[in-house]
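Enquirer: Need the 3D shape of this:
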Amino acid sequence: MQACEALPDDEPVVRSLCCFGIGEQIRNMGALVHFDRDDPFSPVIAPWGSACSTYITFPAGLAENTPPDTAFMGPQEPTLNRSLPPEMMALGIPAEMAMRMVKNLDASFVTRRPTVTFPNHERRSDR
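Expert: Purely as a prediction, here's the structure:
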């Protein structure tokens, strides 16, 4: 496990990625996972497990019975409440899914409707 910036120049075998963000960012990424899918229920799930399972084990397909082609939102483990800011979440993404998400960017809401994807929250505070 290492940061993307720390990967060697030669092509390493990457099984999954873990992205941390605030709720809005993780919601947007979850929506991008769903972008080219017909199934509204299983592309993004929030299963119980340790933080490591959400970040690494499940998205890398290292646990028995892990659903394939699924992203994992969490962590669900309450012991992390002391370690992570309350607004922070994560999305564990299988590498193949992440590549498909990148390919979908130009056709998706992310680039076609940026004011919906990234609203100006300063205006919202005036309400």
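Enquirer: hmm, which helix or strand of the protein has the shakiest average pLDDT?
Expert: Lowest by mean pLDDT, DSSP states H and E among the helices and strands of the chain is helix 121-124, with a mean of 64.
Enquirer: what are the bridge partners for the nearest residue to residue 55 once chain neighbours are set aside, then?
Expert: Nearest residue to residue 55 in three dimensions, chain neighbours excluded: residue 18, at 4.3 Å (C-beta to C-beta, 6 or more residues apart in numbering). For every residue, glycine as well, the C-beta is placed using N, CA and C. Using DSSP bridges, the bridge partners assigned to residue 18 are residue 92.
Enquirer: which residues does the residue sitting nearest the centre point of the chain contact?
Expert: In the chain, the residue lying closest to the centroid (C-alpha atoms, centre = their mean) is residue 91, at 2.8 Å. By C-beta atoms under 8 Å, 6 or more residues apart in numbering, the contact list for residue 91 reads 18-19, 21, 26, 29-30, 33, 44, 71-73.
Enquirer: Scan this structure for its longest helix.
Expert: Secondary structure assigned by DSSP state H gives helix 23-34 as the longest helix of the chain.
Enquirer: Enumerate the positions of that one that are buried.
Expert: Across helix 23-34, burial judged by 16 or more other C-beta atoms under 10 Å covers 25-30, 32-33.
Enquirer: Average pLDDT for it, rounded please.
Expert: Helix 23-34 carries an average pLDDT of 92.
Enquirer: which other helices and strands contact it?
Expert: Using 3 or more C-beta pairs under 8 Å, 6 or more residues apart in numbering; DSSP states H and E, the elements in contact with helix 23-34 are strand 16-22, strand 44-45, strand 71-74, strand 88-94, helix 95-104, helix 109-112.
Enquirer: Now find how far off-centre it is within its chain.
Expert: 7 Å (C-alpha atoms, centre = their mean, to the nearest Å).
Enquirer: which residues sit against it?
Expert: With C-beta under 8 Å, 6+ apart as the criterion, helix 23-34 contacts 19, 21, 40, 43-44, 71, 73, 87, 89-91, 93, 97, 101, 104-105, 108-110, 117-118.
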